[in-house]
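Engineer: could you look at this predicted model? Sequence included:
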Amino acid sequence: MTAVSAPIPGIPLLELRGISKQFPGVKALDDVSFAVHPGEVHMLLGENGAGKSSLMKVLCGAYRADAGEFFHRGEKVAITSPADARKLGIAVIFQEFSLVPYLDIAQNIFLGREFRGRIPGSVDRRRMHVEARRILDLIGLELPTQTPLHTLGVAQQQMVEIAKALSQNARILVMDEPTAALSDRETERLFAMIRQLQAEGVAIIYISHRMAEVFALGDRITVLRDGRKVGSLLPREATPDELVRMMVGRSVDMSYAREFRSEFGDTVLEVKGLHSDNGISDIDLTVRAGEIVGLSGLVGAGRSEVARAIFGADAVTAGEVRVYGKLHRGGPDQAVAAGIGLIPENRKSEGLALIRSVADNLNIAALRRRFSSRVFGPRRARAIARALVDKLRIATPTTLRPVQVLSGGNQQKVVIGKWLEAESRLFIFDEPTRGIDVGAKAEIFALIDALVRDGAAVLLISSELSEIVNVCDRAYVMCQGRITGHLARHEISEEGILKLAMHHE
Amino acid sequence: MSADSKVTGLWLAFRSGAVAADLRTIGYRLSAALVLCVVLAFASDAFLHSNNLLNVLRQASLLFLLASGLTLVILTAGLDLSVGANVGLSACIAATVIKSSGSVLLGSAAGVGCGLAIGLANGLMVAVMRLPPFIATYGMLWVAHGITYWYMAGTTVYGFPQSFRALGSGYFLGVPIPVYMMFGFLALGTFFAQRTTYGQEIYAIGANREAARLSGVPVARRLILVYAVSGAMAGLASIVFLARMNSAEGDIGEGLTLPAIAAALIGGTSLFGGVGTVSGTLIGALILTLVLNGMNLLTINASWQPMVTGIIVILAVLLDTFARKRGEARN
């Protein structure tokens, strides 16, 4: 199964040989070797916990490898600190950017490396802006260099981060799931930029969970599993199914195929003329029992805002939300009491108390239902949590572990479990598969399917059109804060959604 | 799950710090307090004298009453800087009410009520007006001090009935009455924090306020609750303080806030919220009092006391940070 392909001729820009990294109790990297050539996009695949992050941290000098060698243009080098990595021209674009919100673009690009002015201690601002402009032009970002960073969207911030790397003469760019928060259009711009950098001889190590981009961009694909390299192959030698098999070590159904039914129960959620200060207006939608209803649109179309308004997390200025025909008003505590559960987009900042245990997190939403006397029983709470851990197959040795040490997929299961325990009947999923590996994605969708088969109602927000197409019984499409279309099961297609999503443009 | 894997799981949890984070924090501190006692016992003959030990407990109890309510506030990632000023105003109101009405009960109720009112005002500012806790309670500190000075107008109220003074300096079965209060509120506070849904919600708010809100926790109501409790505990502490001092004047209560915060921090409560226990705060209050007592016994100049307090706070927090890092590395 281990595919071996012909080596690309020429001397690699960077080569790793036999890199290992041991942490107490776990071998994060075990004898990993791979190479990138100038102008190559090297895709790095693997489930969460496969060793991608560790490899990335070794590359940028944050971790020190226990064993193994690095070669830069054929010469043996050492990477033992971030300074070493920088000297070799290695730059890492993490998912969480290291930018300062209240500085402008130029200041961010040259942060800590400002050009000196003539007066000691002063900064040559003009030169900074000229240089920044030059780099922005290179990657095709048309914003003024004086724009404060906090006014930029995620995609633009990412461009600034890349510009920052290039300003440090980066020749090897490591990108960690760069499209995770981008819309399809932004993704295309990013790809165009990557191809341009490629043409200039920059080597790119690209970590991704998305099959489509692996084949669209990759010159070579390396798959990691459990800290080991499973194989390196060329895109033309590989198929998506084969790559998934290599990643998980078993074959996984990628289509999330579910049985569609035509009979649904009562209307669970009915939204009429909903307006909110957060930028949405005139939202009408319904979700019936046993139904998965998609809410699609480009990033920034207002999908999460609809979810937050329904849930009462953002103030509603007009319109009404009915759950089982009963008017729902008020904050999230009322929503929870009414049987709504929100699986938020930002799992770590909105879905979980990371320092608290799995049991604590699983119990939080059901506290007042389960312990109506207000006397809390830790044993009972742990028993409840254990049952959920078993039911949802959450991988954790005990329910007392802090949630922060769990993988993304297992953390997401904890968030879902919280709402199962609260006996929610309407589940609002906001990007439930973000940052989750392929195997866990299929599991999450199996869980969602089980929910609706059990008679719950699901509103599903997803940026991955294929998810909406494959999973939803109906779908609404949003653009600029309004619903621009409503598609029945047989009408849902990626093209159809996109057309409606770009309705106003 | 077999019994064997259960044991393994528990052991993993212990090592990872999940099961034992609180227990371990308390364990460290209890040992530190014991070591301190042994050292002091060797260093000074007077230390083990029952009068001295009871005195230590009595002093710790006042600090604990103040710090226990404050601990709940800090658990929500908040802060109450007004507790000292609260003690001042509450004590003065209690004092004048006792004097004018002659009723100890009415006066005590007025003192606790005043504390509660200040706490409620803090809670409203933090939860409803969304002021940062530091600002809200810092402002309240000045306001309460100002009202106290105006109210007392430079006078001193002193000489209270024996029945009232017993609250501060009386004994029951040879143990000072405040010490009973200390253990009573230790039990009550621990039950509230660990064994009620309110307590669980308070920890959740401190660990991640937005996640708690989006899980249906009524965050504003819980915040008002903890500030109100902190205020009421300050009111109660003011009664004990007044009974002990037997006199009230404008500057009463000054200098109590920072030691109360120190007791909570030494006890392992994190200013970032979500981590800490009421029992830890009790041990924190004891450690702080023991050190000051030891310095007195060894006739070390009292000017050194603030510096020593500061060093203990820093060491305690350093120890927690270190232990937490090790816990994370294991995970």
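Structural biologist: Alright, I've got the coordinates.
Engineer: name the SS class of the residue in chain B positioned nearest to chain A, please.
Structural biologist: Using C-beta to the nearest C-beta, the point where chain B gets nearest to chain A is B:G216, with a distance of 3.0 Å. Heads up, the C-betas are built off the backbone N, CA and C, glycines and all. Following DSSP: H, G, I helix; E, B strand; the rest coil, the label given to B:G216 is coil.
Engineer: in this structure B:L72 contacts B:V229, no?
Structural biologist: Yes - contact status for B:L72 versus B:V229: in contact at 5.7 Å, counting by C-beta atoms under 8 Å.
Engineer: which residues are in contact with the residue of chain A found nearest chain B?
Structural biologist: Shortest chain A-to-chain B distance, computed as C-beta to the nearest C-beta: residue-wise this is A:V336, at 3.0 Å. Counting by C-beta atoms under 8 Å, 6 or more residues apart in numbering or on different chains, A:V336 makes contact with A:365, A:422, A:424, B:215-216.
Engineer: where does the chain have low pLDDT?
Structural biologist: The chain I'm using is chain A. Counting by pLDDT under 70, chain A shows low-confidence ranges at A:1-9, A:24-26, A:48-49, A:209, A:249-257, A:503-505.
Engineer: let's do chain B instead
Structural biologist: Judged against pLDDT under 70, the low-scoring parts of chain B cover residues B:1-21, B:327-331.
Engineer: strands of that one, start to end?
Structural biologist: Along chain B, counting by DSSP state E, strands occupy B:156-158, B:171-172, B:175-176, B:247-249.
Engineer: one step back: the more surrounded of B:L72 and B:V229?
Structural biologist: Set side by side, B:L72 and B:V229 show more neighbours around B:L72, with 31 against 25, by other C-beta atoms under 10 Å in any protein chain shown.
Engineer: contacts only, for the more buried one.
Structural biologist: With contact set as C-beta under 8 Å, 6+ apart, B:L72 has these partners: B:189, B:192-193, B:202, B:226, B:229-230, B:278.
Engineer: right, and the pair among the contacts of A:V336 with maximum separation?
Structural biologist: Among these, the pair separated by the greatest distance (C-beta to C-beta) is A:S424 and B:S215, at 11.1 Å.
Engineer: and the stretch 101-250 of chain B, which residues reach chain A?
Structural biologist: Where proximity means C-beta under 8 Å from any C-beta of the partner chain, the interface of the stretch 101-250 of chain B facing chain A comprises B:194-201, B:203-204, B:207-208, B:210-218.
Engineer: so for chain B, which residue is the most central one in space?
Structural biologist: B:A67 (0.8 Å; C-alpha atoms, centre = their mean).
Engineer: which parts of the stretch 301-450 of chain A sit against chain B?
Structural biologist: Within the stretch 301-450 of chain A, the positions lying close to chain B (C-beta under 8 Å from any C-beta) are A:311, A:313, A:331-333, A:335-337, A:342, A:344, A:349-357, A:360, A:363-365, A:367-368, A:371, A:374-378, A:397-398, A:400-402, A:405, A:418, A:422.
Engineer: which members of those residues occur in helices, if any?
Structural biologist: For those, membership in helices holds for A:311, A:332-333, A:335-337, A:360, A:363, A:367-368, A:378, A:418, with DSSP state H as the criterion.
Engineer: top of these by number of neighbours, please.
Structural biologist: Of these, A:N363 is surrounded by the most neighbours, 30 neighbours in total, counting by other C-beta under 10 Å.
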